[in-house]
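In: Here is the input, now give the coordinates:
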Amino acid sequence: MPATGSRLDPVAVDALGLRVHYELARLGEELQLGRRVAALVGSLLAEIGHDCGQPVRVVDIGCGLGHVLRSIAMRGDLPRSVELVGVDLNPVLVMEAERLARAEGLPVRFVNGDAFTPGVAIDDGARTVVVSTGLLHHLTSD
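Out: Okay, here's the model as predicted:
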């Protein structure tokens, strides 16, 4: 990887990050992560009564390119009244996720930020279901 002294080239790092996340998205498609997450979330929505007039949001923390939420939106696996929001710390991944969602015409919103900062994507009182297929297993108990 190109570097100047001990510093990696940030453009090369971002390009590698995108390539890796595109491969993760491809693997997610093979594993049908969108369908599996939607099935789990759908059962939770039935429990909380998603159709009672209060907003409901599904937030994918560590969403990367947003392949799980984009898959759910593309297939219509959840009611359209459910807001889909992806949160990722990496702004390059968020910009690409937004670009893909726009190109695909999907109602998914992406936010750049630390998912553990209160209010980053869920500060308006909506009932929220938080999912993660790509982040939580990387965290330590600290």
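In: can you pull the buried residues of stretch 84-95?
Out: 84, 85, 86, 87, 88, 89, 90, 92, 93, 94 (16 or more other Cβ atoms under 10 Å). To be clear about C-beta, it is placed using only N, CA and C from the backbone, and glycine gets the same treatment.
In: which stretches of the chain have low pLDDT?
Out: 49-53, 118-125 (pLDDT under 70).
In: Next secondary structure after the host helix or strand of residue 18?
Out: Using DSSP states H and E, residue 18 sits in helix 10-30. Later in the chain than helix 10-30, the nearest helix or strand by DSSP H and E is helix 33-48.
In: What are the contacting residues of that following helix?
Out: Helix 33-48 is contacted from outside by 28, 56, 58, 60, 67-72, 74-75, 77-79, 82, 127, 129, 131, 133, using Cβ atoms under 8 Å, 6 or more residues apart in numbering.
In: And the next helix or strand past it?
Out: Heading C-terminal from helix 33-48 (DSSP H and E), you reach strand 56-61.
In: What pairs with that following strand, parallel or antiparallel?
Out: strand 82-88 (parallel), strand 127-131 (parallel) (DSSP bridges).
In: Distance to residue 33 for these - can I get that in TSV?
Out: Below are those laid out as TSV (distance: least, Cβ to Cβ, whole Å):
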stretch	distance to residue 33
strand 82-88	13
strand 127-131	10
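In: Would you tell me which of those strands gets closest to residue 113?
Out: For residue 113, the closest of the strands paired with strand 56-61 is strand 82-88, at 5.9 Å, according to Cβ to Cβ.
In: gap between that closest one and the chain center?
Out: 6 Å (Cα atoms, centre = their mean, to the nearest Å).
In: before we move on, the earlier item: looking at the strands paired with strand 56-61, which is nearest to residue 111?
Out: strand 82-88 (4.9 Å).
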